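J.: sequence plus predicted model, see below.
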Amino acid sequence: MRKLLVSPSPHIHGNESTRKIMRDVLIALTPSLLVSIYFFGFSAIQLVVVGALTCVGVEYFIQKYLMKIEPTVDDLSAAVTGVLLALNLPPSAPWWLMLIGSIVAIGVAKMTFGGLGHNIFNPALVGRVFLLVSFPVMMTDWSIPTSWFREGIDAATGATPLSIVKEGLSRGETLETILAAHPDLSYIEMLFIKTGGSVGEVSALALILGFIYLLVRKVVRPHIPVTILLTIALVSGIFWMIDPTQYTDPLFNILTGGVLLGSIFMATDYVTSPMTTKGMVIFGVGIGLITVLIRYFGAYPEGISFAILIMNSVVPLINKYIKPNRFGKEVKHG
Amino acid sequence: MGGVHPHDNKLSADSAIEQFPIMDRVYISMSQHLGSPAQPVVQKGDYVKTGQLIATASGFISANIHSSVSGVVVSVEPYKDISGNTVTHIVIDVQGDEWESSIDRSEELKREINLTPAEIIKRIGDCGVVGLGGASFPTHVKLSPPPGKTAEFLIINGAECEPYITSDYRLMVESPEEILIGTKVMMKALGVKKAYIGIEENKPLAIEKLKSFNYPDIEIVTLAKKYPQGGEKQLIKAITSREVPSMGLPIDAGVVVQNCGTAFAVYEAVQKNKPLFENVVTITGDCTQQQRNFRIRVGTPIEKILDQVGRLPKDAAKLISGGPMMGKAVSNISASTVKSTSSLLVLTEQQTKRQPEGECIRCAKCVQVCPMGLEPYLLNKLARLGRNEDLESERVYDCIECGSCMFTCPANIALLDYIRMAKADVLKIMRSRPKK
């Protein structure tokens, strides 16, 4: 007697899997990784390797020995978190800082909520912000370590464009004089290569390349990154037009700091972003707005990490109230 | 809105429709349509001709059934259908192939429509025509809109958006004018002035054939290739931009939809006086030796059909009646075909075996692909928790069970399994409420 399977429809599957999606994210991060390794050499490799291994290790340990379930680290989601956190640290960060950040990211931000799919906040960003408030000096030390291809550069030249502007303005200088004193803050330079900033922020172009790959592979949709960038451009544009001596221009705001890394790779995290298209737009607008407000008026020069985390906390609310356009008018029934 | 793009795998597209040999014995089900089963009017020992009425409709939503062969009735008793449900079957031992003399067996096309609308509807009912698109709704009932509702358009569904199936495609390519005349017949019955035939863009030959005739009030519409383009509500939206209201019927949007196979059956019934007792079935699968289209007499055992194309292949894991997205898995291969059997599809284990469920990663792909604008991830969660009130306010009853969500889910979550059960529960509760 032949045995046949019997189950309800559909009988075929699109062959998409969590692992394939996470693998695509890792591939999309590769251009930025290569640029970082080129510029920061062993320091970048060390951070990425420690991050990925620690995240995977912590998740494995917690699932196997604390939750007592079959570990699911082969879905690569923990590895993605590790790599993302590494890209969010200063290149001079010591390996043990990365280790602590990874333990917080996976152990606290992800697994305490129940693991993949259950966390409210982006794990890598929780790790980064934890380090930022716990080790503020190390987390804002932008000195550039030696690479195989270039000499190490002193901390003096390693400030980020955003912190240069913030400090200058707080000393009462105008934007014009600050930017005149720093000819290296040209847009062209920022688009291709800028070394003041986190490991993954070196090249805007490399990040955009990754974004295009994610779009082509349909891993992410453009809505969240595009609304973040548009909102940042619009809000900063309004302030800039009011007072160009105090407020930086829209292009400066988009190309500096972690805006591209954050909007392309952090804000699009499935688990911590909304489920509907309309919700994604609201989420993006919120992140863009909060980012600009923190940059202009907050204590920190950069605000995208906080902006994403704040909007992460609004996602359950957005999902509850923002519904997709239903097919067909509702008619009275019952 | 929504939709997925499974590979269309129309392996049998170039195989012309062949007459399937008549077997020694047929098993004709009394439940080949939506609604109450037909009532047998023949007994053991009776001699019946091909096309002779053997069971009559019982109740308003029901359909007549005719013998698909000539021979002697050997029994009227319960047998299991493809899903294993017990249904009364009329079993006939075949003797020759003697047709009812009233059936016009000539090859000649009959273009002139002589019957009045009421006579057309009666003829369609007499000939036991049912919707061949899947739901098997009795066609004469669909052509009689309830009082107060009128149809403006007739839409013929030639989308055939399910992968693999080519029975509608072959009919459109080989009998285009019959389909057009069948459409005119139904237009006359409904009193509508305009009809559309919607076909997916991956069937250019069918589009070309249908367009080559001069039927000015029938418009051939090329549709984007997307599953579920042939879903009734999606088809109406694509062609007329109208949305059928939630819990409503196409007639609420002023539209009646019929499958192109049904249009062909209507042509044969009204113009040729031939009851619906044979239909086109695609036998296909990547692992089968052949992929072919046959015109098969209703009641032919599935096993015998598979024998004709080289039996079930060794690596066959699932046999499906219908397409891979919405078809039914066959649990009983000794069951027989019915009027609406459109395809027998064989899938291998690698193609069809479900992977273990993972955690929902909230990728929102199910929300993007849902053609009804629902949130399958949420419905699945609510269904597993049994929260019927929330399921109702999230409009679980709108689900058309197309399976796009489950097809696309990267975590292999059995979304539709749970949503389907919850939908049935919620509809039952809603129907049990006193009407205002």
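T.: Structure's in. What do you need? Numbering: from 1, shown residues only, chains lettered A, B, ... in the order given.

J.: what sits against the nearest residue to residue B:160 once chain neighbours are set aside?
T.: Distance criterion C-beta to C-beta, 6 or more residues apart in numbering or on different chains; nearest residue to residue B:160, sequence neighbours excluded, is residue B:168 at 4.4 Å. In short, each C-beta sits where N, CA and C put it, glycine included. Contact analysis of residue B:168 by C-beta atoms under 8 Å, 6 or more residues apart in numbering or on different chains lists B:158, B:160, B:259, B:260, B:261, B:280, B:342.

J.: could you redo the last one with a cut-off of 7 Å?
T.: When contacts are counted by C-beta atoms under 7 Å, 6 or more residues apart in numbering or on different chains, residue B:168 touches B:158, B:160, B:259, B:260, B:261.

J.: chain B contacts on chain A?
T.: Within chain A, the residues that sit near chain B (C-beta under 7 Å from any C-beta of the partner chain) are A:2, A:4-14, A:16-18, A:21, A:115-117, A:270-271, A:275-276, A:324-331, A:333-334.

J.: which of these fall within helices?
T.: Residues of the residues of chain A next to chain B located in helices (DSSP state H): A:18, A:21.

J.: before we move on, back to that, mind checking which of the contacts of residue B:168 are in strands?
T.: Cross-referencing the contacts of residue B:168 against strands under DSSP state E gives B:158, B:259.

J.: average pLDDT for the strand or helix carrying the residue nearest to residue B:160?
T.: For residue B:168, the element it lies in under DSSP states H and E is helix B:167-174. Mean pLDDT, helix B:167-174: 95.

J.: now do the strands in the stretch 1-150 of chain B.
T.: B:17-19, B:25-29, B:39-40, B:47-48, B:53-56, B:65-66, B:71-80, B:86-94 (DSSP state E, counting those that start in this stretch).

J.: buried deepest among those strands, which one?
T.: Neighbour counts (mean count of other C-beta atoms under 10 Å in any protein chain shown) averaged over each of those peak at strand B:65-66, with a mean of 28.

J.: just the residues contacting that one, thanks.
T.: Residues outside strand B:65-66 that contact it (C-beta under 7 Å, 6+ apart) are B:28, B:30, B:32, B:38, B:51, B:52, B:53, B:54, B:55, B:128, B:275, B:277.

J.: that strand: partners in the sheet, and parallel or antiparallel?
T.: Applying DSSP bridges, strand B:65-66 is found paired with strand B:53-56 (antiparallel).

J.: so where's the chain uncertain?
T.: Since no chain was named, I'll use chain A. Counting by pLDDT under 70, chain A contains low-confidence ranges at A:1-2, A:145-159, A:183-185, A:189-196, A:330-334.

J.: was after chain B, sorry
T.: Counting by pLDDT under 70, the ranges of chain B that qualify are B:436.

J.: next up, the contacts around the nearest residue to residue B:25 once chain neighbours are set aside.
T.: Closest residue to residue B:25 apart from its sequence neighbours, by C-beta to C-beta, 6+ apart: residue B:93 at 5.5 Å. Listed by C-beta under 7 Å, 6+ apart, the contact partners of residue B:93 are B:24, B:25, B:71, B:72, B:74.

J.: please enumerate the helices of the stretch 1-150 of chain B.
T.: For the stretch 1-150 of chain B, the helices defined by DSSP state H, counting those that start in this stretch occupy B:117-126, B:139-142.

J.: so what touches the last one?
T.: Same thing as helix B:139-142. B:60, B:61, B:121, B:124, B:125, B:129, B:130, B:131, B:256, B:258, B:262, B:266.

J.: in JSON lines, list these along with distance to chain A.
T.: Listed next are the contacts of helix B:139-142 as JSON lines, based on distance: C-beta to the nearest C-beta, whole Å:
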{"residue": "B:60", "distance to chain A": "22"}
{"residue": "B:61", "distance to chain A": "20"}
{"residue": "B:121", "distance to chain A": "28"}
{"residue": "B:124", "distance to chain A": "29"}
{"residue": "B:125", "distance to chain A": "29"}
{"residue": "B:129", "distance to chain A": "26"}
{"residue": "B:130", "distance to chain A": "21"}
{"residue": "B:131", "distance to chain A": "18"}
{"residue": "B:256", "distance to chain A": "17"}
{"residue": "B:258", "distance to chain A": "20"}
{"residue": "B:262", "distance to chain A": "22"}
{"residue": "B:266", "distance to chain A": "28"}
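
J.: out of the residues you listed, which are buried?
T.: B:121, B:124, B:125, B:129, B:130, B:131, B:256, B:258, B:262, B:266 (16 or more other C-beta atoms under 10 Å in any protein chain shown).

J.: what about residue 50, how many neighbours?
T.: Using chain A here. 22 (other C-beta atoms under 10 Å in any protein chain shown).

J.: right idea, wrong chain: chain B
T.: 23.

J.: who touches it in this structure?
T.: So residue B:50 contacts B:67, B:68, B:69, B:70, B:97, B:98, B:99, B:100, B:277 (C-beta under 7 Å, 6+ apart).

J.: one more time with 6 Å, if that's ok
T.: B:69, B:70, B:97, B:99 (C-beta atoms under 6 Å, 6 or more residues apart in numbering or on different chains).

J.: same thing with residue A:138?
T.: residue A:97.

J.: distance of it from chain B?
T.: Distance of residue A:138 to chain B, given as C-beta to the nearest C-beta, to the nearest Å: 33 Å.

J.: list phi and psi for that residue.
T.: The phi and psi values for residue A:138, taken as degrees, to the nearest 10, are phi -60, psi -30.

J.: got it, and residue A:163?
T.: Backbone phi and psi, for residue A:163 under degrees, to the nearest 10, turn out to be phi -70, psi -30.

J.: that one contacts residue A:302, doesn't it?
T.: No. Contact criterion C-beta atoms under 6 Å: residue A:163 and residue A:302 do not qualify, at 8.0 Å.

J.: now, of the residues of chain A next to chain B, which are buried?
T.: Among these, those scoring as buried are A:4-6, A:8-14, A:16-18, A:21, A:115-117, A:270-271, A:275-276, A:324, A:326-328 (criterion: 16+ other C-beta under 10 Å).

J.: what is the burial count for residue B:251?
T.: Residue B:251, neighbours per other C-beta under 10 Å, totals 18.

J.: so it touches residue B:148, yeah?
T.: No. In this structure, residue B:251 is not within contact of residue B:148 by C-beta under 6 Å, at 10.0 Å.

J.: so for residue A:86, which of the helices of the stretch 1-150 of chain B sits nearest?
T.: Nearest to residue A:86 among those is helix B:139-142 (62.5 Å), distances taken as C-beta to C-beta.

J.: got the CA coordinates for the closest one in PDB?
T.: What follows is helix B:139-142, C-alpha atoms only, in PDB (Å, rounded to 0.1, in the frame of the first residue of the first chain):
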ATOM      1  CA  THR B 139     -24.600  27.600 -12.200                       C
ATOM      2  CA  HIS B 140     -28.300  28.100 -12.700                       C
ATOM      3  CA  VAL B 141     -28.600  29.400  -9.100                       C
ATOM      4  CA  LYS B 142     -25.800  31.900  -9.700                       C
END
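
J.: what distance separates that helix from the centre of its chain?
T.: What separates the centre of helix B:139-142 from the centre of its chain is 14 Å, taken as C-alpha atoms, centre = their mean, to the nearest Å.

J.: ok, now stretch A:268-283?
T.: Computed by C-alpha atoms, centre = their mean, the chain-centroid distance of stretch A:268-283 equals 14 Å.

J.: same deal with stretch B:99-107?
T.: Worked out by C-alpha atoms, centre = their mean, stretch B:99-107 lies 26 Å from the chain centre.
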